[in-house]
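**Q** sequence-free structure coming up:
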């Protein structure tokens, strides 16, 4: 059950993504979040990965669709369903071996949706104190809900000092404030905590630079929407 | 109250056969929690105000502002007419034998005029409903700031017969949609979104999870509302029972200009009627969509508006709404069979 275990060929209960994989996919999820912000949406992005292949990716599209349920995860789940349909694959068996990587803890709605589709593993960057459904507001991921799919495992991002130092160093106060609003600043994904509690790999510098660019790049057009 | 636009068709709608009850928060629904305290008889009535003043300094009842310090003696013909709350048992000093001397240090409160202490139970929290107030008052006199609407709602009398007739009609529309969905192989759940200001239906939807496991009736309705506002991301065209109206036709001739030009924003201010209690996903989708009120028929096993969670009253969330259950419940047994 260690973090080094590859997801390839893994199945069912002992299906865990490795730390290296996690970093790779999280970086891509940040790109999706950036895309969301550039399009006037709350910056959240995510990827659904099955057998080392991206089978769904999404970013927030609430404003664009005027549908407040169009969170990144819901968009990505729709793509996953389409992917299965086109390949004539059984949704259930694909979902059982699919991991979600998302920049922010899934909200209560998305956590329930992930359960309904039997997604077993979710990795997220930072907590969502306002709507979080994986422990922050409610713990839907592990709640006793026999009619609502299966419980899933959650890997939370942990704060990495190097990220904070780098933030201060560049005096991105503005970025900090925005980050605080959108990502409750001290839990920005710097490194990723693996399942045995050890920091898996520190790639904070890379991640935070990316995020600061995201924030600064479109600071002018921040949407007046709540973080999802 | 809402304008009553629709004619009340009392004979056609059997509105006496069901009652809409509010789904209140846990704090409002729970039993009265009690804590133990020492009380003592006031032997000399003239000393009462002094005793209360001095006891309030020595043993302030912090966080128990709802508790009255003095009560009239319960038993008739008692030699002393009043009893005073001395302190919570948790606040009392350690003592081998409980006596008024050990509770009150000689320099703090002159305890002439007080009898020997005895243990009473007092309500730990202020009562939020009349039921809680009545239960709490049996133990010790308690003040109560009554929310009249909650009291009336708990009696099942919040809605007038004409309002119930309108609710009945909307729930029948949801039931009809549920039936249509079932005919197409979906789960028999239907939902209707209504603008209560105009009593116009904005969207009607039913379960479509044969296409997409997440297309529960509520999620379908939310997207249809988005469609009515020029958004939306799905097509439910092949389901004739799933429909929406554009807000342009949802104008109301007598409302002031400011209101008429109001731009609808997701489900803000709208009512949802759904045949059964929404799941966690749908309940939270309704929070995100800023729904005004939710009315449902029967409960469901993993329901999130009363059964497993009360997401509409969840403290940390930024939007709350009223929920009523039992609409058409007893009159339409078929509703239960479907859920």
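**A** Perfect, thanks for sending it. Everything numeric here is computed off the predicted structure, so don't read it as measured data.

**Q** from here on, contacts and neighbour counts on C-alpha atoms
**A** Noted.

**Q** check which residues of stretch B:36-47 are buried.
**A** By 16 or more other Cα atoms under 10 Å in any protein chain shown, the buried positions in stretch B:36-47 come out as B:37-43.

**Q** from those residues, pick the one nearest chain A.
**A** Nearest to chain A out of these is residue B:37 (Cα to the nearest Cα; 35.2 Å).

**Q** now that closest one. Nearest residue, chain neighbours left out?
**A** residue B:88 (4.0 Å; Cα to Cα, 6 or more residues apart in numbering or on different chains).

**Q** now do the contacts for the one you found.
**A** Listed by Cα atoms under 8 Å, 6 or more residues apart in numbering or on different chains, the contact partners of residue B:88 are B:35-38, B:61.

**Q** hmm, 10 Å instead?
**A** Taking Cα atoms under 10 Å, 6 or more residues apart in numbering or on different chains, we find residue B:88 in contact with B:35-39, B:59-61, B:119-122.

**Q** got it, and residue B:32?
**A** Listed by Cα under 10 Å, 6+ apart, the contact set of residue B:32 reads B:122-127, B:131-136, B:139.

**Q** now do residue B:191
**A** For residue B:191, the contact set (Cα under 10 Å, 6+ apart) comprises B:170-178, B:203-207, B:216-222, B:242, B:272-276, B:295-296.

**Q** with residue B:329 instead?
**A** So residue B:329 contacts B:17-20, B:275-276, B:296-299, B:335-336 (Cα under 10 Å, 6+ apart).

**Q** what do you get for residue B:49?
**A** Contact criterion Cα under 10 Å, 6+ apart gives B:55, B:70 as the residues in contact with residue B:49.

**Q** and it, what element?
**A** For residue B:49, the enclosing helix or strand under DSSP states H and E is helix B:48-58.

**Q** give me the contacts around the next helix-or-strand element following that helix.
**A** Heading C-terminal from helix B:48-58, the first helix or strand you meet, by DSSP H and E, is strand B:70-72. Strand B:70-72 has contacts (Cα under 10 Å, 6+ apart) with B:39-42, B:48-49, B:51-52, B:80-86, B:140-142.

**Q** one more time with 6 Å, if that's ok
**A** B:81-84 (Cα atoms under 6 Å, 6 or more residues apart in numbering or on different chains).

**Q** ok, stretch B:231-238 next?
**A** Here stretch B:231-238 makes contact (Cα under 6 Å, 6+ apart) with A:65-66, B:223, B:226.

**Q** burial check on the closest residue to residue A:79 other than its chain neighbours, number of neighbours?
**A** In space, and not counting its chain neighbours, residue A:79 is closest to residue A:56: 4.8 Å by Cα to Cα, 6+ apart. The number of residues packed near residue A:56 is 23, by other Cα atoms under 10 Å in any protein chain shown.

**Q** so which residues on the stretch 101-250 of chain B come close to chain A?
**A** Listed as neighbours of chain A in the stretch 101-250 of chain B under the rule Cα under 6 Å from any Cα of the partner chain: B:226, B:231-232.

**Q** between those, which has the most around it?
**A** Going by other Cα under 10 Å, residue B:226 tops these with 27 neighbours.

**Q** which SSE is that one in?
**A** Element membership for residue B:226, per DSSP H and E: helix B:217-228.

**Q** which residues touch that helix?
**A** Under Cα under 6 Å, 6+ apart, the answer for helix B:217-228 is A:66-67, B:190-191, B:203, B:205-207, B:232, B:244-246, B:282.

**Q** ok, and the closest non-adjacent residue to residue B:123?
**A** residue B:34 (4.4 Å).

**Q** which ones are touching that neighbour?
**A** So, once contact is read as Cα under 6 Å, 6+ apart, residue B:34 ends up touching B:121-124.

**Q** now, which of those residues sits nearest chain A?
**A** Using Cα to the nearest Cα, these come closest to chain A at residue B:124, 25.8 Å.

**Q** tally of neighbours for the closest one?
**A** Residues contacting residue B:124 under the criterion other Cα under 10 Å number 17.

**Q** same check, this time on residue B:153
**A** Counted by other Cα under 10 Å, the residues lying close to residue B:153 total 17.

**Q** which residues of chain A score low on pLDDT?
**A** Scanning chain A for pLDDT under 70 picks out A:1-17, A:157-228.

**Q** which bits of it sit near chain B?
**A** Taking Cα under 6 Å from any Cα, the part of chain A that reaches chain B is made up of A:65-69, A:109, A:112-113, A:145, A:147.

**Q** those, buried ones only, as a PyMOL selection?
**A** To isolate the buried subset of those in PyMOL, counting by 16+ other Cα under 10 Å, use the following:
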select buried, chain A and resi 65+66+67+68+69+109+112+113+145
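
**Q** which ones among the residues of chain A next to chain B are found in strands?
**A** Among the residues of chain A next to chain B, no residue falls in strands (DSSP state E).
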